[in-house]
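Give me a model of this one.
(chains A and B)
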2 protein chains.
Amino acid sequence: MPEAVKSLHVRQKRQKRRAEIVHAALSAFREHGFHATSLDDIANRLGIRKAALYHYFTDKDTLLFECHRESLAELDRIILLSARPGQGPAERLAYLLSEHVRIMTDTLEGSPLAFEVPALPPVLRAPIVAGRDRYERKLRELVAAGIAAGEFRAVDPKVVVFAMLGSINWIARWYRPDGQIKGDDLGQHFADYLIRGLR
Amino acid sequence: MPEAVKSLHVRQKRQKRRAEIVHAALSAFREHGFHATSLDDIANRLGIRKAALYHYFTDKDTLLFECHRESLAELDRIILLSARPGQGPAERLAYLLSEHVRIMTDTLEGSPLAFEVPALPPVLRAPIVAGRDRYERKLRELVAAGIAAGEFRAVDPKVVVFAMLGSINWIARWYRPDGQIKGDDLGQHFADYLIRGLR
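This next block holds a predicted model:
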């Protein structure tokens, strides 16, 4: 096998294993919380030794950071996709809220990541807080634009967006991937409810 | 001083000190989170030694439990008060939601108590979960009654009440007692928004 192909192969394998570790960490955080989860727990889920984990993540904090980075990459992606021509603030907001619910249930599998921002050491926390602020600002802009366009009643966009984020982040507290309430319906249900309150 | 008066006096003093400890614990939990707060931190806030705390609470878990008990006593109180004759489901629900916000901002001073239920050891957790379930059931009943009475559109009461609780519990994540947004207005703002979504 040529050297370049071999190194690509190794890199892909590493990426796959890295994704598996993030996935196992999210499940463990959901089931036991961040503080009660050890790197041993995560390694056990994957049937590997803790030493093998250290090839990918130096400690639990950097693993939590990686979970946050993935989640924020998804939020940044939906911010971009929400800017569709011909759509008003209410439609864009509905898109963002329902997709945010989908990220909570599918990508994060109900893991309470948003609760664990304070657990990060300050140097890792700053970029995560900045990313969450970016998303929060976008929601506020859309609420304000909806008020300006006469689509929404006059509310305080700050307070209302806090209420929206709370209701979505809280999903981690009750959602179970194998439960009765399904992710797809849930996004629509939440978007309907949270936007109707603005009419 | 007669013995009975003296013992009443001692009891009152103990109750006052107990309340001060709970208050100091709530502030510490708000500022640093439950896991990062030590009994030393709480004692320092009161200018007493940790040994003095042990006369009141055997460990941090029982102190967290006491914070929860106070919070639940308040929720039970507003459930009772919400049963006013001549009021429909929407008015009762508005009362409960705005009072719940007041409990978050005033009684708990924005402390993230609802986030710390999993931190309790199982034997202490059970009565707290039961108390929270009681409140959750009451909200669901009112949403269902409002749908039956034609005051609300047909929603899943379970999903909508999760959304309501999330938005209110999340207040602990952003509310600051010395901030611009005041507790009184906030209760009204939340109740308006969360009920309008049901119309």
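
what's the one helix or strand A:Glu141 maps to packed up against?
Using DSSP states H and E, A:Glu141 sits in helix A:122-148. Here helix A:122-148 touches helix A:60-82, helix A:89-102, helix A:157-169, going by 3 or more CB pairs under 8 Å, 6 or more residues apart in numbering or on different chains; DSSP states H and E. C-beta: built from backbone N, CA, C; applies to glycine.

ok and the second one relative to helix A:122-148, angle-wise?
To tie it back to what came earlier, the one meant is helix A:89-102. Put simply, helix A:89-102 runs at 150 degrees to helix A:122-148, going by axes from the mean of the first three to the mean of the last three CA atoms, to 10 degrees.

Run through who's touching helix A:89-102.
Contacts of helix A:89-102 with the rest of the structure, by CB atoms under 8 Å, 6 or more residues apart in numbering or on different chains, involve A:75, A:78-79, A:81-84, A:87, A:138-139, A:142-143, A:145-146, A:149, A:151-152, A:164, A:168, A:171, A:183-184, A:186-188, A:190-192, A:194-195, A:198.

Let's test this: mean pLDDT of it, rounded?
Mean pLDDT, computed over helix A:89-102, is 96.

what angle do it and helix A:60-82 make?
Relative orientation of helix A:89-102 versus helix A:60-82 (the same axes, to 10 degrees): 150 degrees.

just to revisit the earlier point, most tightly packed of the helices and strands packed on helix A:122-148?
helix A:157-169 (a mean of 23; mean count of other CB atoms under 10 Å in any protein chain shown).

helix or strand right after that one?
Next along from helix A:157-169, by DSSP H and E: helix A:171-174.

quick one: is that next one near chain B?
Yes. With CB under 8 Å from any CB of the partner chain as the criterion, chain B is reached by helix A:171-174 at A:Ile171, A:Arg173, A:Trp174.

so how far is that helix from its chain's centroid?
A distance of 13 Å separates the centroid of the chain from that of helix A:171-174, by CA atoms, centre = their mean, to the nearest Å.

Show me what it is packed up against.
Using 3+ CB pairs under 8 Å, 6+ apart, the elements in contact with helix A:171-174 are helix B:157-169.

Tell me which residues are up against the helix it packs on.
Contacts of helix B:157-169 (CB under 8 Å, 6+ apart): A:162-164, A:166-171, A:173-174, A:181, A:186, A:189-190, A:193-194, B:97, B:100-101, B:104, B:112, B:114-115, B:136, B:139-140, B:143-144, B:147, B:190, B:194, B:197-198.

So the most centrally placed residue in chain A versus A:Leu108, what's the distance?
Of all residues in chain A, the one closest to the mean position by CA atoms, centre = their mean is A:Ser71, 3.4 Å from it. To A:Leu108, A:Ser71 is 6 Å away according to CB to CB, to the nearest Å.

What of A:Gly86?
Counting by CB to CB, the gap from A:Gly86 to A:Leu108 is 31 Å.

More neighbours: which of these two?
A:Leu108 (22 against 5; other CB atoms under 10 Å in any protein chain shown).

How about the residues of chain A by chain B?
A:33, A:35-36, A:115, A:118-119, A:155-156, A:158-160, A:162-171, A:173-174, A:181, A:186, A:189-190, A:192-199.

Repeat the analysis, applying 6 Å as the threshold.
A:33, A:35, A:115, A:118, A:159-160, A:162-163, A:166-167, A:170, A:174, A:189, A:193, A:196-197 (CB under 6 Å from any CB of the partner chain).

Quickly check those residues for the two that are furthest apart.
A:His35 and A:Arg196 (37.0 Å; CB to CB).

burial of the closest residue in space to A:Met104 that isn't next to it in sequence, as a residue count?
Using CB to CB, 6 or more residues apart in numbering or on different chains and skipping the chain neighbours, the partner closest in space to A:Met104 is A:Ile171 (4.8 Å). When neighbours are defined as other CB under 10 Å, A:Ile171 has 24 of them.

Please report the distance of the nearest residue to A:Arg69 once chain neighbours are set aside from B:Ala43.
What sits nearest to A:Arg69 in space, not counting adjacent residues and going by CB to CB, 6+ apart, is A:Ile128, at 7.7 Å. A:Ile128 sits 32 Å away from B:Ala43, going by CB to CB.

So if I had to pick from the two, which one is more boxed in?
A:Ile128 (21 against 18).

Please compute how far the top helix by length along chain A lies from its chain's middle.
Counting residues, the longest helix found in chain A (DSSP state H) is helix A:3-32. On the basis of CA atoms, centre = their mean, helix A:3-32 sits 18 Å off its chain's mean C-alpha point.

got the angle between it and helix A:60-82?
Calculated by the same axes, to 10 degrees, helix A:3-32 forms an angle of 100 degrees with helix A:60-82.

Return the set of buried residues in helix A:3-32.
Using 16 or more other CB atoms under 10 Å in any protein chain shown as the test for burial, helix A:3-32 gives A:Arg17, A:Ile21, A:Val22, A:His23, A:Ala24, A:Ala25, A:Leu26, A:Ser27, A:Ala28, A:Phe29, A:Arg30.

So which elements touch it?
Applying 3 or more CB pairs under 6 Å, 6 or more residues apart in numbering or on different chains; DSSP states H and E, one finds that helix A:3-32 contacts helix A:39-46, helix A:60-82.

Any chance of those in TSV with mean pLDDT and distance to A:Arg92 as columns?
Listed next are the helices and strands packed on helix A:3-32 as TSV, based on pLDDT from 0 to 100; distance: least, CB to CB, whole Å:
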stretch	mean pLDDT	distance to A:Arg92
helix A:39-46	94	37
helix A:60-82	93	5
